[in-house]
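Undergrad: When you get a sec, could you give me coordinates for this:
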Amino acid sequence: MRVSVVIPCFNSLRWLPQTLDSVLTQSFDDFEVILVDDGGSDDLAAWAGELGDERVRVVRQDNAGVSAARNLGVTAAAGELIAFCDSDDLWVRNLLALMVAAFDRMPQAGLIYGHYDVIDSEGQPTGRVEAYDFEGDVWEQLVTVNPVATSASMVPKAVLDAVGGFQVNRDRFPIDVEDWELWIRIADLYPVALVPEVICHHRRHESNSSNNTASLELAYRNLLEEVFKNQDPQRMAMQGAATANVDLILGWHSLNDDRDADAALAYRRSAVRHQPERWRDPLCWRLGLGASALKYGGEWTYNLVRSGFSGFRLVGRADHTH
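TA: The predicted model follows:
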């Protein structure tokens, strides 16, 4: 078995049929699919059994969250390579072929990823595309930007055995950034391979968006602590830029999710304090403009200003909590 596809599920049957169809119709055919039932109530095993596809099997756990579900899927996997897919995203037909080819070109890689775009709850394109060109030794880039959608990622099982799987922090903070932490941990030891084209459609909808900024702040601060623990001076020099990026992400969450202009402006000030040159970043000045519009002009003014913000990137956002 070359590839095991791990799909964590929690009452996922609204979108899972489309997702699974995009997986089962891949042009590359040496794979299995492991649906991990994270304690849902929708009888996933019965639904999967009706498919009559021997490539698909279900493992179940008591509800423990998406990180634990992915880790269980990896444990159950028979494949050399683990491809992750969330239960509401869609793959392009040649995703596995392209990912496996990228690994074959760079067999020492610990992570393979590709570009992705964003669709809405109905599967319509939003116009947003995430396309970074990080490849090779990318640890320094990864600590400041997360270019990897979990559904557009593949990791050799041997690498996961070596570095460990996704951190399970749900009892500490319900909204986590465990995927980003794992990518950085892998990049600390292995090169990263890139598929330089859109291979996944990431679905954005109400139930996968985080609006718990307090939990996110704990998760991001934990990420920074884990990433920079026992690092050498050269890598420690990246801490200011990494912290500034987290501050801006939290600022946008405060503005968009909480409508808290004062908190957004405070995070913006913290970002510039940790990395003074960050004030030139469009993400930074747009945050300041939007927060000021909300604070001094109200919701109507903010919405007017925000309409000009199409395409800004909120990298590292946490999704898909169970």
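Undergrad: Just give the number of residues close to residue 296.
TA: Neighbours of residue 296 under the rule other Cβ atoms under 10 Å: 10. For every residue, glycine as well, the C-beta is placed using N, CA and C.
Undergrad: That one belongs to a helix?
TA: Yes - the assignment for residue 296 by DSSP: H, G, I helix; E, B strand; the rest coil puts it in a helix.
Undergrad: Tell me which residues touch it, please.
TA: Counting by Cβ atoms under 8 Å, 6 or more residues apart in numbering, residue 296 makes contact with nothing.
Undergrad: Could you do residue 164 as well?
TA: Residues near residue 164 by Cβ under 8 Å, 6+ apart: residue 185.
Undergrad: and if we set it to 10 Å?
TA: By Cβ atoms under 10 Å, 6 or more residues apart in numbering, residue 164 lies in contact with 71, 182, 185, 186.
Undergrad: Would you format those as CSV with pLDDT, neighbour count and secondary structure included?
TA: Shown next, in CSV, are the contacts of residue 164 (pLDDT from 0 to 100; neighbours: other Cβ atoms under 10 Å; DSSP: H, G, I helix; E, B strand; the rest coil):
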residue, pLDDT, neighbour count, secondary structure
71, 98, 23, helix
182, 97, 23, helix
185, 96, 22, helix
186, 98, 25, helix
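Undergrad: In a markdown table, list those residues along with distance to residue 254.
TA: Shown next, in a markdown table, are these (distance: Cβ to Cβ, whole Å):
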| residue | distance to residue 254 |
| --- | --- |
| 71 | 31 |
| 182 | 26 |
| 185 | 28 |
| 186 | 30 |
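Undergrad: Counting neighbours, what do you get for the nearest residue to residue 190 once chain neighbours are set aside?
TA: Closest residue to residue 190 apart from its sequence neighbours, by Cβ to Cβ, 6 or more residues apart in numbering: residue 110 at 2.6 Å. The number of residues packed near residue 110 is 22, by other Cβ under 10 Å.
Undergrad: Does residue 110 touch residue 163 like I think?
TA: Yes - Residue 110 lies in contact with residue 163 (Cβ atoms under 10 Å); the separation is 7.6 Å.
Undergrad: who touches both of the two?
TA: With Cβ under 10 Å, 6+ apart as the test, residue 110 and residue 163 both reach 155, 185, 186, 188, 189, 190.
Undergrad: Taking the residues you listed, tell me the two that lie furthest apart.
TA: Across the shared contacts of residue 110 and residue 163, the longest distance by Cβ to Cβ is 13.7 Å; it joins 155 and 188.
Undergrad: which of these two has more neighbours?
TA: residue 155 (25 against 16).
Undergrad: Tell me if I am right that that one is in a helix.
TA: No - judged by three-state DSSP, residue 155 forms no part of a helix; its state is strand.
Undergrad: Low-confidence stretches in this protein?
TA: Residues of the chain meeting the criterion pLDDT under 70: 207-211, 309-322.
Undergrad: who's in contact with residue 142?
TA: 111, 132, 134, 148, 180, 183-188, 192, 227, 242.
Undergrad: one more time with 7 Å
TA: Counting by Cβ atoms under 7 Å, 6 or more residues apart in numbering, residue 142 touches 134, 183, 184, 187.
Undergrad: before we move on, what about residue 76?
TA: 34, 59.
Undergrad: do residue 190 as well
TA: Residues near residue 190 by Cβ under 7 Å, 6+ apart: 108, 109, 110, 111, 159.
Undergrad: just residue 148 next, same as before
TA: When contacts are taken as Cβ under 7 Å, 6+ apart, residue 148 is in contact with 113, 183.
Undergrad: try 8 Å
TA: Shown in contact with residue 148 (Cβ under 8 Å, 6+ apart): 111, 113, 179, 180, 183.
Undergrad: Are we agreed that the third one is in a helix?
TA: This points to residue 179. Yes - assessed by three-state DSSP, residue 179 belongs to a helix.
Undergrad: How about it: what's its closest non-neighbour residue?
TA: residue 150 (4.8 Å).
Undergrad: cool, the second one as well?
TA: By the measure of Cβ to Cβ, 6+ apart, the closest residue to residue 113 outside its immediate chain neighbours is residue 148, 4.5 Å from it.
Undergrad: now that neighbour, what's its secondary structure?
TA: coil.
Undergrad: Please tell me how far it sits from residue 192.
TA: Here residue 148 is placed at a distance of 9 Å from residue 192 (Cβ to Cβ, to the nearest Å).
Undergrad: Same check on residue 305?
TA: From residue 305 to residue 192 the distance is 36 Å (Cβ to Cβ).
Undergrad: Top of the contacts of residue 142 by number of neighbours, please.
TA: Result: residue 183 is most packed of the contacts of residue 142 (other Cβ under 10 Å), 24 neighbours.
Undergrad: I figured that one was touching residue 146, is that so?
TA: Yes - counting by Cβ atoms under 8 Å, residue 183 does reach residue 146; the two are 6.9 Å apart.
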